[in-house]
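K.L.:
My questions concern the predicted model and sequence given below.
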Amino acid sequence: MSTNDTFLAVFLGSKTSPKWAAWHALPEAERRAKEQQGMAAWKAWVEKHQGVIVAMGGPLGKTKKVDASGIADISNEMGAFTVVRAGSHEAAAKLFENHPHFAIFPGERVEIMPVLAIPGG
């Protein structure tokens, strides 16, 4: 994986946000319809950008933290990830404008960061 044109996109959202609460307050039939709409939009986004997707990634499950104290279950805002190629950081970010993660689903944002070379690597 080249590191000067490769970007990690992390999909984030808080399960305590008003957007999340509103999503779960929807009647089940309406929420399921929005889920189907969102998945169709997400698939369309993937098809549109398939030429720049390096790793599709996917949803992330429960988190465990490992540190000097041992292993513990924790919670964070990370929900999914994708790896893309782009000519610049700005171009990579533009790929995610109006993404279904937050345009339809109750996600809050997508954070995009360059994958850097390993120092001395």
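P.N.:
Perfect, thanks for sending it.

K.L.:
Could you pull out the strands in the protein for me?
P.N.:
Applying DSSP state E to the chain gives strands spanning 6-12, 53-59, 63-67, 70-74, 78-85, 109-114.

K.L.:
would JSON lines of these with mean neighbour count be doable?
P.N.:
In short, each C-beta sits where N, CA and C put it, glycine included. Output for these, formatted as JSON lines (neighbours: other CB atoms under 10 Å):
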{"stretch": "strand 6-12", "mean neighbour count": "19"}
{"stretch": "strand 53-59", "mean neighbour count": "13"}
{"stretch": "strand 63-67", "mean neighbour count": "9"}
{"stretch": "strand 70-74", "mean neighbour count": "8"}
{"stretch": "strand 78-85", "mean neighbour count": "18"}
{"stretch": "strand 109-114", "mean neighbour count": "16"}
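
K.L.:
a markdown table for those, including mean pLDDT?
P.N.:
Putting those into a markdown table (pLDDT from 0 to 100) gives the following:
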| stretch | mean pLDDT |
| --- | --- |
| strand 6-12 | 97 |
| strand 53-59 | 96 |
| strand 63-67 | 97 |
| strand 70-74 | 97 |
| strand 78-85 | 97 |
| strand 109-114 | 98 |
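
K.L.:
any chance of those in JSON lines, plus distance to residue 103?
P.N.:
Below are the strands of the chain laid out as JSON lines (distance: least, CB to CB, whole Å):
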{"stretch": "strand 6-12", "distance to residue 103": "12"}
{"stretch": "strand 53-59", "distance to residue 103": "18"}
{"stretch": "strand 63-67", "distance to residue 103": "25"}
{"stretch": "strand 70-74", "distance to residue 103": "28"}
{"stretch": "strand 78-85", "distance to residue 103": "15"}
{"stretch": "strand 109-114", "distance to residue 103": "11"}
